[in-house]
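Q: Provide a 3D model corresponding to the input given below.
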Amino acid sequence: MDLNSNRILIAPSILSADFGRLREEIAAVEEAGADMIHLDIMDGHFVPNITFGPPVVARLRGFSDLPFDAHLMIENADRYVEAFTDAGVDMISVHLESNVHLQRTLALIREKGARAGAVANPATPLEGLRYVLDDLDYILVMSVNPGFGGQQFIPATLSKLRDLSSMLGEAGRDIPVQIDGGVGPGNAADVTAAGADILVAGSAIFGNPPYGEVIGRLKKEGDRGRKGRGGRRSGVRG
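A: Below you'll find the predicted structure:
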């Protein structure tokens with residue numbers, strides 16, 4: 001998959017899916033036009049919740065051909081990179097806050113054949129990204145505090161997205177930006193206008209069937225917002 005696509009990409013988060021029907025839920029969003037499957041991995045330490053680990057991901061891998069996007073909300077993420085790549089994930093993002101040696105972890109993710117992403121929580125400064133841009137395939141900006149699905153979007157995230165776009169433009173880098181938390185058709189245009197390229201949506205999709213209609217609205221509104229910002233990153237060198 002080309003993360004630097006000229007269209008907005010949609011990543012349904014199965015954290016909000018019916019866990020008793022995960023096979024059917026994944027198949028439904030794939031048929032509805034999803035671009036990837038977002039996996040929220042929580043350990044009960046870095047965030048106050050526990051979800052699932054590599055064995056479950058390996059089982060889910062057989063249910064879809066879409067890219068699997070693993071968001072590791074865990075401590076000592078580097079210890080689990082190989083387990084998740086062996087389970088079949090295609091993308092792994094790790095938190096600035098939980099990785100002392102972030103560059104080493106990002107390099108390990110790439111070494112194991114996955115795309116590497118860094119995640120910033122709502123109150124985390126973006127400056128920590130500046131010196132790992134060469135090691136990033138994408139950046140995830142959290143628009144809620146991680147740990148639970150169904151939270152309300154934090155409005156200050158729009159300013160953060162604009163600041164990140166400015167940082168990337170000044171650095172001459174066109175790194176895709178993912179947004180996660182409280183994203184839905186009502187704010188898709190705003191977040192893409194501010195700089196987001198990949199929309200993670202959980203309850204906005206799984207809580208509101210038919211999925212094709214919701215994903216279609218997210219793409220339509222997202223593309224409209226992206227056109228409003230006049231392309232991808234200003235200042236990016238060709």
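
Q: And the strands in the chain?
A: Remark: strands assigned in the chain by DSSP state E are 9-12, 37-42, 68-73, 91-95, 115-120, 138-142, 177-180, 198-201.

Q: What's opposite the nearest residue to V29 once chain neighbours are set aside in the beta bridge?
A: Once flanking residues are discounted, V29 sits nearest to P12: 4.4 Å by Cβ to Cβ, 6 or more residues apart in numbering. C-beta coordinates here come from the backbone N, C-alpha and C atoms, glycine included. For P12, the beta-bridge assignment (DSSP bridges) gives partners A201.

Q: right, and P12 touches I198 too?
A: No. At 11.5 Å, P12 does not count as touching I198 under the criterion of Cβ atoms under 8 Å.

Q: These two - which one has more neighbours?
A: The neighbour comparison of P12 against I198 (other Cβ atoms under 10 Å) goes to P12, with 31 against 26.

Q: Tell me how far the helix of greatest length in the chain lies from the chain's centre.
A: Among the segments of the chain that qualify as a helix by DSSP state H, the longest is helix 211-228. Here helix 211-228 is found 16 Å from its chain centre; the criterion is Cα atoms, centre = their mean, to the nearest Å.

Q: Do me a favour and average the pLDDT over it.
A: Averaged over helix 211-228, pLDDT sits at 95.

Q: residues in contact with M73?
A: Going by Cβ atoms under 8 Å, 6 or more residues apart in numbering, M73 touches 40-43, 46-47, 95, 98, 146-147.

Q: Quick one: buried ones out of those residues?
A: Listed as buried from these are 40-43, 46-47, 95, 98, 146; burial here means 16 or more other Cβ atoms under 10 Å.

Q: ok, the residue nearest the centre of the chain to E213 distance?
A: Geometric centre of the chain, nearest residue: Q178, 4.6 Å, by Cα atoms, centre = their mean. Look at Q178 and E213: by Cβ to Cβ, to the nearest Å, they are 23 Å apart.

Q: do the same with A116
A: Remark: distance between A116 and E213 (Cβ to Cβ) = 33 Å.

Q: wait, D223 sits on R7?
A: Yes. The pair D223 / R7 is scored as a contact, 6.2 Å apart, by Cβ under 8 Å.

Q: Who has more neighbours out of the two?
A: Using other Cβ under 10 Å, the more surrounded residue of D223 and R7 is D223, with 16 against 12.

Q: can I assume Q178 is in contact with L140?
A: Yes. Between Q178 and L140 there is a contact at 4.4 Å, judged by Cβ under 8 Å.

Q: intersection of neighbour lists for these two?
A: 93, 117, 200.

Q: Now the buried members of those residues.
A: Buried members of those, counted by 16+ other Cβ under 10 Å: 93, 117, 200.

Q: Return the residues in contact with the last one.
A: Same thing as V200. Contacts of V200 by Cβ under 8 Å, 6+ apart are 11-13, 38, 71, 140, 178-181, 183.

Q: where's it relative to H71, distance?
A: 8 Å.

Q: what do these two both touch?
A: Joint contacts of V200 and H71 (Cβ under 8 Å, 6+ apart) are 38, 140, 180.

Q: can these go into TSV with extra columns for neighbour count, pLDDT and distance to F52?
A: Formatted as TSV, the shared contacts of V200 and H71 follow (neighbours: other Cβ atoms under 10 Å; pLDDT from 0 to 100; distance: Cβ to Cβ, whole Å):
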residue	neighbour count	pLDDT	distance to F52
H38	27	98	13
L140	26	98	19
D180	26	96	17
